[in-house]
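*Asks:* Turn this into a model:
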Amino acid sequence: MTTLRLSLACGPYDRTEALRTGAVRPEGIDLVYVPIQSPPEIFSRMVSNRAFDVSEMSCAHALIRRGQNDFPFVALPVFPSRMFRHGYIFVNAEAGIRKPEDLRGKRIGVPEYSQTAAIWIRGLLQHEFGVSLETIRWFSGGVNAPGRPDVLVNLPDAEVSITRVKDRTLNDMLVDGQIDALIGARKPAAFGRDPRVQRLFPDYRKLEQDYFRKTGIFPIMHTVVIKEELYREQPWIAESLYKAFVQAKELCVAGMRFSSALRYMLPWLHADLEELNEIFGLDPWPYGLDANRHVLTTLVQYLVEQRLLRRAMPLEELFVPLTLIGE
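*Replies:* The predicted structure follows:
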């Protein structure tokens, strides 16, 4: 039987490793896995020139561009990257910021205003701590290297104070006190090296656990997209790919939970897994639209509130329908 050869660009994740090695093969597909460490590189190459048949993609970028009818891709309800973000709010220790409310009126750096991590952090600050986002002055640029891919820029449709920074890093600006705080998906290089750079929430792990228990939200960062014309020509590939992603994740979880030896270089891995079971249950990383509807609906709400989406679009406008028959 002839198989369809498809390229997939995705991070080198444990939950997708079986797809990279071929231990899991999507039905009817000869998959060429292109592992790329930097998510913005994957997104930029896919958005700029449709470099891959299938790729990991910023969930916020996908939602924003679909809302603008400017997104020639369809999404699978597969989420290779999720992350709590309480620990990604960094402050200059001399800026007088001791609690979230102190961020009002401050100068805050962000890699890109529409970055998914930044959207989740702003939503967290607004809804959990009452921080008025309208008072903040934003500085957008590279965290540890100057510049960001312009192709990923999405600006709010209302007046927001955003200054683009191209000749300096946000890390250096935070150290020098030119910005008061920094949010996003990457730690500044000075953290742990310069005492002027500190986390707003040093005890972020407990706060994130409490947040999940309260809200049921494990923030989604990235999804997986397929070229829309490819999907229209070969709609069956959606189920094949989805099932393969699920199988790869299940293999990863089974290996991680094997108790005779440590799968990863984490001395207390199994203690962490017991804690994981207590907080999340047996599947902390669910795929599928229904299992993630609450999280995705919250992300859409934040996009609307932060003026990056004009309306709360139905999730079905982005994610492909799947026909899956259980055994």
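
*Asks:* Got the domain ranges for this structure?
*Replies:* Listed domain ranges for the chain are 4-83+219-317, 86-215 (source: automatic domain parsing).

*Asks:* Could you export the ones you listed as JSON lines, including mean pLDDT, distance to Leu324 and mean neighbour count?
*Replies:* The way it works is simple: take the backbone N, C-alpha and C, and place the C-beta from them, glycine included. Formatted as JSON lines, these follow (pLDDT from 0 to 100; distance: least, Cβ to Cβ, whole Å; neighbours: other Cβ atoms under 10 Å):
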{"stretch": "domain 4-83+219-317", "mean pLDDT": "96", "distance to Leu324": "6", "mean neighbour count": "17"}
{"stretch": "domain 86-215", "mean pLDDT": "95", "distance to Leu324": "26", "mean neighbour count": "18"}
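
*Asks:* export those domains to a markdown table and tack on distance to Ile325?
*Replies:* Formatted as a markdown table, the domains of the chain follow (distance: least, Cβ to Cβ, whole Å):
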| stretch | distance to Ile325 |
| --- | --- |
| domain 4-83+219-317 | 10 |
| domain 86-215 | 32 |
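
*Asks:* Can you read off the pLDDT for Gly326?
*Replies:* Here the pLDDT value assigned to Gly326 is 61.

*Asks:* Now do the helices in the stretch 101-250 of the chain.
*Replies:* Taking DSSP state H, counting those that start in this stretch, the helices of the stretch 101-250 of the chain run over residues 116-129, 170-176, 204-215, 228-233, 237-257.

*Asks:* quick one on the thing from earlier: to Thr323, which of the domains of the chain lies closest?
*Replies:* Thr323 lies closest, by Cβ to Cβ, to one member of the domains of the chain: domain 4-83+219-317, at 6.4 Å.

*Asks:* where does Val32 land in three-state SS?
*Replies:* What DSSP: H, G, I helix; E, B strand; the rest coil gives for Val32 is strand.

*Asks:* which residues does the nearest residue to it once chain neighbours are set aside contact?
*Replies:* Leaving aside its chain neighbours, Val32 sits nearest to Ser7 (4.7 Å; criterion: Cβ to Cβ, 6 or more residues apart in numbering). Listed by Cβ atoms under 8 Å, 6 or more residues apart in numbering, the contact set of Ser7 reads Leu31, Val32, Val34, Phe52, Asp53, Val54.

*Asks:* got it, and Arg164?
*Replies:* The contact partners of Arg164, by Cβ under 8 Å, 6+ apart, come to Ser140, Gly141.

*Asks:* Could you list everything it pairs with in the sheet?
*Replies:* Ser140 (DSSP bridges).
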